[in-house]
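# The following comprises the amino acid sequence and a computationally predicted model.
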Amino acid sequence: MKNAVATTALMIGLIVGPGAHAAKSDREQPVNIEADRVIVDDRNKTHTFEGSVILTQGSLEIKGDKMVVTQGADGFQTGVATGSPNRLATFRQRRDGSDIFIEGEAERIEYDTRAERARLFKQARVSSAGDVVTGDFIEYDALTEKYSATNQSGGSGGGRVRAVIQPRSSGEGSQ
C-alpha cells in the first residue's frame, strides 16, 4: 500500500504547469495521508481513501473528498483525486529550485504513470507565478512537457479556454 500511495503522490505531483518541474527533493520525503476512511482491496490492487483526504509529501499537498489508487498487472498505477462542484480536488507543489508554487484544481484529477499524463476534468485550473490556465479539461504530458486545455471534458471539443500569462523580464527563466 505504501508504494502505491507514494507513487500516487509523485503521479499527481507531476500535474505541473507548463514547462515547470516539481521539487525533486519531494520524492525523497515520506508520504503522509489523512482521511476519514481507507479501503484496501489487495485482490484488485486498489486503495481508496475517503473523507477530507489530505496527502502530503515534502512540498506536495493534494486534497480531495476521495482518492483512489489502482495498480495494473504491469505495475503501473493510476491515481484519481475527486472533489465536487462546490469543493474541488486541489494540488499544490513547490517548483524545483524555486520558491514558486504550482497549484491546480478540478472536480477530478487523474494521473497515469505509464503515459506520464495528467488530466484535470471540470472546472479545471492550473496556475504558477501569476500565470493561469482554465478550461473544462486540461491535460499535461510530463514526457513532452506540453499541455492542452479545452472547454469540453473529452478534450476534443470547441469552446473557449482562458489563459493569463504574466510578462517576464529578460533575467527571469521559465521557472
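That came in fine, so what should we check first?
# contacts, neighbours, all on C-alpha from now
Will do.
# Sketch out the low-pLDDT regions of this structure for me.
Low-confidence segments of the chain, defined by pLDDT under 70: 1-27, 113, 142-143, 145, 153-159, 170-175.
# and with 80 instead?
Within the chain, the stretches with pLDDT under 80 are 1-31, 75-77, 95-97, 111, 113-116, 140-147, 152-159, 168-175.
# For it, which segments count as helices?
Remark: helices assigned in the chain by DSSP state H are 2-13.
# For the nearest residue to T134 once chain neighbours are set aside, give the beta-bridge partners.
Spatial nearest neighbour of T134, excluding adjacent residues (Cα to Cα, 6 or more residues apart in numbering): R125 at 4.4 Å. R125 has the following beta-bridge partners by DSSP bridges: E105, T134.
# now R125: how far from S148?
Distance, R125 to S148, using Cα to Cα, to the nearest Å: 12 Å.
# more crowded one of these two?
Comparing R125 with S148 by neighbour count (other Cα atoms under 10 Å), the higher total belongs to R125, at 23 against 16.
# what's that one in contact with, if anything?
By Cα atoms under 8 Å, 6 or more residues apart in numbering, the contact set of R125 is 104-106, 132-135, 138.
# neighbours of D141, just the number please.
As a measure of burial, D141 has 20 neighbours, counting by other Cα under 10 Å.
# from what I can see it touches A118, true?
Yes. Taking Cα atoms under 8 Å as the definition, D141 is a contact partner of A118 at 6.5 Å.
# Good, wrapping up.
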